[in-house]
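S.K.: Need a 3D model of the sequence below.
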Amino acid sequence: MVKGGEAVGTGAKDTFEGVKEGSEVVAHYTVTGTDKTAVEVDKVGKGGYKVVEGTVTKVGEGGKTITVKAADGTEQTFEVAGHGTKVAAVDTAKGTEKGAKVTVYYTESAGKKVVHFFEKL
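M.R.: Sure thing, here's the model as predicted:
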């Protein structure tokens, strides 16, 4: 349930553009006490996310892309969606984090693989 969607600023309204009751979404949120606050909402569609595990081999400038080498040796390059995900990608590229093992959650659209979020293993 989304509370107060009508009273939020333009940026937050853009977050929910195209999302309606019954839409499949993933909500990234923070927790303060017992309150959960959505900071980003991704509409994923009926197919949901696809998943790949591997090792980060490259992060593009500004975190716009991330390349992951899977266990079978193939490398896949993903475009990165959302500000929070780009920040996480840049953090992964810093210092000893390059080469980190990750699980990537992505969708495919117009022939492009778009990572919505990933987690370090």
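
S.K.: Could you measure from F117 over to D72?
M.R.: Applying CB to CB, to the nearest Å, the value for F117 to D72 is 23 Å. Bear in mind the C-beta positions are built from the backbone N, C-alpha and C, glycine included.

S.K.: just E21 next, same as before
M.R.: For E21 relative to D72 (CB to CB), the value is 40 Å.

S.K.: ok, now V41?
M.R.: In terms of CB to CB, V41 sits 33 Å off from D72.

S.K.: what's the answer for G63, then?
M.R.: With CB to CB as the criterion, G63 and D72 are 25 Å apart.

S.K.: more crowded one of these two?
M.R.: Higher neighbour count among G63 and D72: G63, with 18 against 6, using other CB atoms under 10 Å.

S.K.: Please report phi then psi for the more buried one.
M.R.: phi 70, psi 20 (degrees, to the nearest 10).

S.K.: Just the pLDDT for it.
M.R.: Looking at G63, its pLDDT reads 80.

S.K.: From what I see, it and E79 are in contact.
M.R.: No - using CB atoms under 8 Å, G63 makes no contact with E79, being 10.4 Å away.

S.K.: any low-confidence regions in the chain?
M.R.: The chain contains residues with pLDDT under 70 at 1-17, 44-46, 83-84, 86, 90, 92-98.

S.K.: at 90 instead, please
M.R.: 1-32, 35-51, 56-66, 71, 79-112, 114-121 (pLDDT under 90).

S.K.: which residues touch the closest residue to G18 other than its chain neighbours?
M.R.: With sequence-adjacent residues excluded and distances taken as CB to CB, 6 or more residues apart in numbering, G18 is closest to K43, at 5.8 Å. Residues counted as contacts of K43 (CB atoms under 8 Å, 6 or more residues apart in numbering) are G18, V19, S23, E24, V25.

S.K.: nearest to T107, of those residues?
M.R.: Closest approach between the contacts of K43 and T107, by CB to CB: E24, at 10.8 Å.
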